[in-house]
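> The following block contains a protein sequence and its predicted model.
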Amino acid sequence: MHLTDLTRRYIRQTQLAEIGDEGQQRLSQTRVLIIGAGGIGAPALTYLNAAGVGTLGIIDADRVEISNLNRQILFEEADIGRPKTDAARDALEEQNSATRIITHAHAITAENAAAIINDYDIILDGCDDFSTRHTVNHACVILKKPLISASVIGWGGQLTSFDARRPDSPCYACFVHPDAPNANNCTSGGVVGAVAGAIGSMAALEVMHAALGTPQLIGKIMTLNGHNFDQRSMILMRDSHCPVCA
């Protein structure tokens, strides 16, 4: 793709004072890891790819199922049975050939989390498992990587950011204690696809804020009720007794 084509491609966002050519250059040099190519990861990947983020890593061990198609907008019927990472890579490369796509077709675990996360600048966790979230959070605290955490269930969703480089930032374990019991997930509780799309799009926006150095949700949790369109922001304080970041 010619430089003139790249300039024209991103002109609508480089016209914004908060981005400009310098901000677009930052985005092109940013490496983002998305954990879970599901209801949150799919729209987030789509918008980060469209925005010109230079490198997108995708980690997901699952294959596309027909029940994914109501909300995981990267996939189509022909992808059923394919590894999600392969199907996502193909769709993203067709959308924007300038982005580097790295796939990890396996689960993220306590054994491999640090090695994988260390290669990226910003981490977006959109997975559907509390144990995985805590594993990711622990690695991000140790490695001092910015972490955006997004989740959805039923008609609702929430979004927040953590940054272990900041002494005032809480971590995910300040919010959900590692010993807390698992709550419902999409498999057991269901989800409205458009809510996942809204939260995934907001998560992509939060990743852009982290890359650009513009204000984030550090110390705040944004919640969305898709049933009545109620949106709220709540304060999340750092826990001085947190078993991870304290």
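Now that the structure is in, tell me what you want to look at. Quantities reported herein were computed from a predicted structural model and do not represent experimental measurements. Numbers count the residues shown, from 1 in each chain.

> For the protein, which element, helix or strand, carries the lowest mean pLDDT?
Here the helix or strand of the chain ranked lowest by mean pLDDT, DSSP states H and E is helix 186-189, holding a mean of 64.

> I'd like the next helix or strand past that helix.
As assigned by DSSP states H and E, the chain's next helix or strand after helix 186-189 is helix 193-212.

> Give me the distance between whichever helix or strand comes after that next one and the centre of its chain.
As assigned by DSSP H and E, the chain's next helix or strand after helix 193-212 is strand 220-225. How far strand 220-225 lies from its chain's middle: 15 Å, per Cα atoms, centre = their mean, to the nearest Å.

> What is strand 220-225 packed up against?
If you count contacts as 3 or more Cβ pairs under 8 Å, 6 or more residues apart in numbering; DSSP states H and E, strand 220-225 packs onto strand 156-162, helix 193-212, strand 230-235. All C-beta atoms are positioned from the backbone trio N, CA, C, and that covers glycine.

> so the last one versus strand 156-162, what angle?
Spelled out, it's strand 230-235. Counting by axes from the mean of the first three to the mean of the last three Cα atoms, to 10 degrees, strand 230-235 lies at 30 degrees to strand 156-162.

> got a list of contacts for strand 230-235?
Under the contact criterion Cβ atoms under 8 Å, 6 or more residues apart in numbering, strand 230-235 has outside partners 217, 219-225.

> Just the buried subset of those residues, please.
217, 219, 221-222, 224 (16 or more other Cβ atoms under 10 Å).
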